[in-house]
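Engineer: how would this look folded up:
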Amino acid sequence: MKQDKGVVFCPSVTTRPPRPGEIDGEDYHFTCQEEFFSLIERDELIEWANVYGNYYGTPGKAIDMALGSSDVIVEKDVQGARTLRAVYPEGIYIFVLPPSFEELKRRIGGRGTEKEHEMDLRLQGARQEISDLSSYDYVIINADLDRAKERLVAIVAGERRRRLLAGEPLDGEGRASNGKPTAKGTAGRISVQTCDCGGQKSEATGVGRESGPGSGSETCHQGVGRNHERED
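Structural biologist: Numbers count the residues shown, from 1 in each chain. As a prediction, this is how the structure comes out:
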């Protein structure tokens, strides 16, 4: 998707340390807990959650600014996507699945950042998350990274074409003729990135919105004055 100048990836904010190969501002915005809570107090996060002791949140201003001229990809887990769906109902939701639970476990283990009991919790959460995919527009099986990327590109192209055929031509600012933003949402990475549970990144975790199994969030409090319980 990097070749598509009309698509912008908006990273989440997190208090967890960067993993090997991750770049601040590209994969995530890494910050301290004090600054994270400051973002919450200023209502700058659309949603936020405590995931295995680390905080993750979605910066609303960055998304809204990007929507002025681009389609937006956001990486979220299942509950985060559910929250964003209420804020951005016109988004396209994509769920990225591993080819099997055995492969999911291998990817999590290969990352080398989870202990055995943490891995078990993520796998248990993944089984619950994939029990109902009816709220998603598309599902991508991430068995091969390159093919998963190709499917994501095809989904983006197809959705753009669908909007045009529906009488919503895009203007120079990436908006439909009715003035509404034309792309909003999240994308997860699996390994599955919605949080990619494995060691490889997948841009197939998301145009519009996406989620994937094994993200394991515990309690989520939405920003903008909304709170709710979260169990993925």
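Engineer: ranges for the helices of this protein?
Structural biologist: Using DSSP state H, the helices assigned to the chain run over residues 33-41, 60-66, 78-87, 101-111, 116-129, 145-165.
Engineer: ranking those helices by burial, who's on top?
Structural biologist: helix 78-87 (a mean of 24; mean count of other CB atoms under 10 Å). The way it works is simple: take the backbone N, C-alpha and C, and place the C-beta from them, glycine included.
Engineer: tell me the average confidence for that one?
Structural biologist: Average pLDDT, helix 78-87: 87.
Engineer: ignoring the adjacent residues along the chain, who's closest to N142?
Structural biologist: A148 (4.4 Å; CB to CB, 6 or more residues apart in numbering).
Engineer: could you measure from the one you found over to E26?
Structural biologist: A148 sits 19 Å away from E26, going by CB to CB, to the nearest Å.
Engineer: right, and C10 touches D71 too?
Structural biologist: No: judged on CB atoms under 8 Å, C10 makes no contact with D71 at a distance of 10.9 Å.
Engineer: which of those two has more residues huddled nearby?
Structural biologist: Set C10 next to D71 and count neighbours by other CB atoms under 10 Å: D71 wins out with 25 against 22.
Engineer: can you verify my assumption that the more buried one contacts G6?
Structural biologist: Yes: applying CB under 8 Å as the test, D71 and G6 come out as touching, 5.8 Å apart.
Engineer: now do the residue of the chain most remote from its centre, the pLDDT please.
Structural biologist: Distance from the centre of the chain peaks at G167, with 28.1 Å (CA atoms, centre = their mean). pLDDT recorded at G167 is 78.
Engineer: and for F95?
Structural biologist: On pLDDT, F95 comes in at 93.
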